[in-house]
Each structure stands twice: as structure tokens, then as C-alpha cells.
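>>> Got a sequence here, can you model it:
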Amino acid sequence: MSSPSSSLAIWCGAWLAGAAPPDDVIDALTEWAPLALVVAADPETAERHDLPWPTPRDVGIAQLLRVVRAAAPVGDREVTVDMVLPAPGDVAGLPTDSAFSAAAVLAGEGVVIGVPGQRGVGLVPTDEGPDVMRWTVFTVTVPVTYQELALGEIEYSMRDTVRSAAEALTAVQTVDTGRSGGDPHTMIAERLAIASRHRYPPLPERTTRVLDTADRVDAILAAAQTSAPSEAPSSSGAEAREAVLRPLRRAVRAARRAAVRAAVDGYLSPDRR
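Take a look at the predicted model:
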């Protein structure tokens, strides 16, 4: 529903736990783009995982799953699959001082897989075109899991976030919707329709609700950004609008990270549900 990284993280959690066949993971990722290019970030990673470098090739999602399996040995209960959604000033979950971190910040997303404190992999998806997704594989030291808010707290706080996002949309709407990019309600509906194409394996109701709410807030914020006045805004006006939207985007990222982590933990560590 949210991003290629959330699809990869949740589906791989189910697959590694034996709750989903690899074909389902491949189908879920192919929904983002029918052609998957995979490339190593450096020659050492290329040799370790038998990946192309420096030019990506269409080796398929199956090769990506082999990389995941190598980083997540069967039976190792310490394995983590963490989605990261970094942005400038918000780098929760990223390994420190790594090429993966820089690439994930640029892409706005990524997945870290492995045993905390040991060598694992970081995966970063980037759009190469309307039908092509590029996955870059990094070797990383898997960070110790950081503490998220409990999912119940996240769900409660997202109610205020939805209201604040709707207020932000109202504040920036213009009468001339044709010049400002179209009807925001249509834009929201279209964005949510696209999000709904990306299915997940069975998840607890609360996890699904948080993911759905995050998608809705994200759609509202995108409409608010697009529906801003078509005339060039003053510097102070643009800064004021960004000051309103920035914490709401941060709340969406936190909600998605927490929900994806809860989903993955539910599969890999049923006793921690």
C-alpha cells in the first residue's frame, strides 16, 4: 500500500517465517514495476552475493530473495527486517556512516535485513521508469533495533494527524482549482486507489488500520502540496506552509515504520505480538 520497501519488508517477514511462498513475494514486488533491475553497491557486495556491478541487470526478484535469505539464515530468531523512511533531520533506524544511509535518504526509503550488530544487507529501491524498479544492494552493519512508540499509541495519535492534515488542505486550497492542479478530493481518491493495489499478507486489524490511515494522511498531504496557490508564493508563505506539513509527514513516516515493524515481528516473533 505504501512503498516498495514496505511491500518487501512485510512480505519477506511472512516468507522468512514460512507463512508465504516466494512467488507471493515476487508478485507483490512486481506490482510496483514488472521489470526489476538489481545491482550491487560495490564490488565486494557483488562478489559476496553474485550480483552485477556496476551496471544493473534484469536478474529478477528471485535473485533479490536469495540475497535476503543469505542475510537471514533459517532458524535464527534474532533476524530483523526493518523498513527505514529517512528524511533530512529524521534518520531513525539507519546504520551510521554508510553508503546505504546516504542512498536511503536520497530515495526516502530502504530495508535493512540481518542480525543486529552483525553484517547484513541494506536494499534501496529507485524508480528507473514507469515499468522499471532498480534495487541496489549494500553491505551494512545491522543497527540495534530502535524503540518505536507502541502501535496503539501510534493509532491514537494518527487521529489528530488526520484532522491536522485536513485542516492543512483547507488552508492552502484555492478557488481556481484548475490552475492549482485539480480537485484535491479527486487527487486523494486517485492516490488511495493506487495504494490499494498493493496487497499484504494477512495482518492484524490494528496494523492494517494504521497503514491505511497513514496512506490517507499521505494522500491528503500530497493534495495539499499540489493544491497550493499556483502563483509563486512568498518565501515566508512557503516556509509557513512547510512548517505545517513537515511534522505531519514525520508522523506518517513514524506510523508506517511502526506498523511495518509490528507486521514483521508478528511473523518472525509470534511470541512478541
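
>>> The stretch 1-150 of the chain: strands as residue ranges?
35-40, 80-84, 110-114, 119-129, 132-141 (DSSP state E, counting those that start in this stretch).

>>> In the first one, which residues are buried?
In other words, strand 35-40. 36-40 (16 or more other Cβ atoms under 10 Å). C-beta coordinates here come from the backbone N, C-alpha and C atoms, glycine included.

>>> between the residues you listed, which is closest to Phe100?
Phe100 lies nearest to Ala40 out of the buried residues of strand 35-40, by Cβ to Cβ, at 11.8 Å.

>>> isn't the closest one right up against Thr55?
No: using Cβ atoms under 8 Å, Ala40 is not in contact with Thr55; the gap is 10.4 Å.

>>> picking that back up, just name the most buried of the strands of the stretch 1-150 of the chain.
strand 110-114 (a mean of 28; mean count of other Cβ atoms under 10 Å).

>>> Now do it: which elements does it pack against?
With contacts taken as 3 or more Cβ pairs under 8 Å, 6 or more residues apart in numbering; DSSP states H and E, strand 110-114 sits against helix 4-16, helix 61-71, strand 80-84, helix 99-107, strand 119-129.

>>> what would these look like in JSON lines with mean pLDDT?
Shown next, in JSON lines, are the helices and strands packed on strand 110-114 (pLDDT from 0 to 100):
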{"stretch": "helix 4-16", "mean pLDDT": "95"}
{"stretch": "helix 61-71", "mean pLDDT": "93"}
{"stretch": "strand 80-84", "mean pLDDT": "94"}
{"stretch": "helix 99-107", "mean pLDDT": "95"}
{"stretch": "strand 119-129", "mean pLDDT": "93"}
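
>>> right, and the helix or strand after the lowest-mean-pLDDT helix or strand in the chain?
Among the helices and strands of the chain, helix 177-180 carries the lowest confidence by mean pLDDT, DSSP states H and E, at a mean of 46. Downstream of helix 177-180, the first helix or strand assigned by DSSP states H and E is helix 184-196.

>>> If you count neighbours, what's buried in that following helix?
Within helix 184-196, the residues scored as buried using 16+ other Cβ under 10 Å are 184, 187-188, 191-192, 195.

>>> How many neighbouring residues does Ala87 have?
The tally of other residues near Ala87 (other Cβ atoms under 10 Å) stands at 14.

>>> Thought Glu109 was touching Asp82, still the case?
No: proximity of Asp82 to Glu109 does not meet the contact threshold set by Cβ under 8 Å, at 11.5 Å.

>>> got a list of what Leu35 touches?
58, 131-133 (Cβ atoms under 8 Å, 6 or more residues apart in numbering).

>>> Tell me the bridge partners for it.
Applying DSSP bridges to Leu35 gives these bridge partners: Val132.

>>> what about Arg253, how many neighbours?
Residues near Arg253, counting by other Cβ under 10 Å, number 21.

>>> Was I right to think it contacts Leu85?
Yes: Arg253 is within contact range of Leu85, at 4.2 Å (criterion: Cβ under 8 Å).
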